[in-house]
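>>> no sequence on this one, just coordinates:
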């Protein structure tokens, strides 16, 4: 489960975004990943919260949570601070409903996925697709996933290291390394 | 992207990092080197800006000229469009609590052409756009894909962009809920006539009881909404009110 915070204009809310990073830092050990799209940081290195607090161009903030309880606590704090920034949660709608109920929020607008259409024969298998789609910008290539699966099978890397290598390609910090590691374990079990 | 043939050692370390599989091995003058297929490359920069695996720093970004620049602005998340905006569509519902782009009774439809990971040419995108336009879709004005159309009411694109391939690009439009079913059926029709893929998203305001009014319409049209979705929880407010 992850959330995205978005501001609507490119100026005027730097201090607000910095304060949101401050709130997120209270939950750092319960985050799988976090980040912000940043035109000055091509390279997708794993992110550093202290650096992100001083990033001027935090137009959107992403954070991936390990569990719903932490997400709920974080949301309560953000709500109490009344930042006025749009907040989007991505995950199972039923679970989001529970979090909203516990924080006194109501779902406002949703974006439902109606699946993938067209020549779906061109898609990779389900496991690869599940990892690949964690980066909405498609920076995590299917070939890299399959290559790392082979490397794991040959004992040249571990599932954890491979998940981190895949995460490195995603600049936004939205890639779920924990889930990727579990899928890689499933794909490489003897 | 290109590979400096003088520097390349043919190690192939970069090959798996390309999201569209455009890096290939070639044998030339008795040497084995890697080369990037320029027809397939979408200029996303994954191979050099993100991967950083080339031991001789042989991968480089050449100077791009129009219309090839479109490949980069749609495929590299950090490359800005000429307007200064970034991305493959709009902020759609992420800020709907502030923008009210999608009011009650109006659905938003987003087709992310080429996603996930296959890519799409603007010719493919035009095929779908023209089908949607024929059933009344009027494409979002503030969207970088719509900006390439000669007419947003017909879905016809500029001739010079049709051959360009991008990692993905989002066709977006709004439609009244009562007309949604017909539009969704036309999307099925368009899907059968392209060689690429698209991810289909359906945006809607939520009722006070938590129900989603477009969900039964999607089911009637033969689509199965996934249980996971993006939900805007209504915390945004117009900046003017921040005081």
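Yep, it's here. Predicted model only: the values in this text are computed from it and were never measured.
>>> Name every strand pairing with the strand ranked longest in chain A and say which way it goes.
With secondary structure taken from DSSP state E, chain A has its longest strand at strand A:109-118. Its sheet considered, strand A:109-118 pairs with strand B:197-205 (antiparallel), strand B:228-232 (antiparallel) by DSSP bridges.
>>> how many neighbours does residue 13 have?
Just going to use chain A. By the criterion of other CB atoms under 10 Å in any protein chain shown, residue A:13 has 20 neighbours. Backbone N, C-alpha and C define where each C-beta goes, glycine included.
>>> try chain B instead
Neighbourhood size, residue B:13 [other CB under 10 Å]: 14.
>>> Please report how far it lies from residue A:144.
According to CB to CB, to the nearest Å, residue B:13 stands 11 Å off from residue A:144.
>>> Kindly report the same for residue B:104.
For residue B:104, the distance to residue A:144 equals 43 Å [CB to CB].
>>> Could you check which of the two has the larger neighbour count?
Legend: neighbour count by other CB under 10 Å for residue B:104 and residue A:144, higher for residue A:144 (24 against 11).
>>> check contacts around the more buried one.
A:165-166, A:169, B:16-17 (CB atoms under 8 Å, 6 or more residues apart in numbering or on different chains).
>>> What segments of chain B are helices?
B:69-75, B:96-99, B:122-134, B:177-191, B:215-220 (DSSP state H).
>>> how many other residues sit next to the closest residue to residue B:128 other than its chain neighbours?
Among residues not flanking residue B:128 along the chain, residue B:190 sits closest, at 4.4 Å (CB to CB, 6 or more residues apart in numbering or on different chains). Neighbour count of residue B:190, defined by other CB under 10 Å: 21.
>>> so residue B:190 touches residue B:131, yeah?
Yes. Residue B:190 lies in contact with residue B:131 (CB atoms under 8 Å); the separation is 3.9 Å.
>>> Would you mind measuring from residue A:66 to residue A:28?
With CB to CB as the criterion, residue A:66 and residue A:28 are 11 Å apart.
>>> of these two, who's got more company?
Taking neighbours as other CB under 10 Å, residue A:66 and residue A:28 compare with residue A:66 leading, 16 against 10.
>>> Look up phi and psi at the more buried one.
Main-chain dihedrals, residue A:66, degrees, to the nearest 10: phi -70, psi -30.
>>> In the chain, where is pLDDT below threshold?
No chain was given, so I picked chain A. For chain A, applying pLDDT under 70 flags the ranges A:1-3, A:7-12, A:38-46, A:56-58.
>>> my bad, chain B
Along chain B, segments meeting pLDDT under 70 span B:84-85, B:238-243.
>>> same thing but at 50, please
Residue ranges of chain B with pLDDT under 50: B:241-243.
>>> Show me what counts as buried in stretch B:101-119.
Buried residues in stretch B:101-119, counting neighbours by 16 or more other CB atoms under 10 Å in any protein chain shown, are found at B:101-102, B:106-119.
>>> Please apply the same query to stretch A:86-103.
So stretch A:86-103, judged by 16+ other CB under 10 Å, has buried residues A:86-91, A:93, A:96, A:99-100, A:103.
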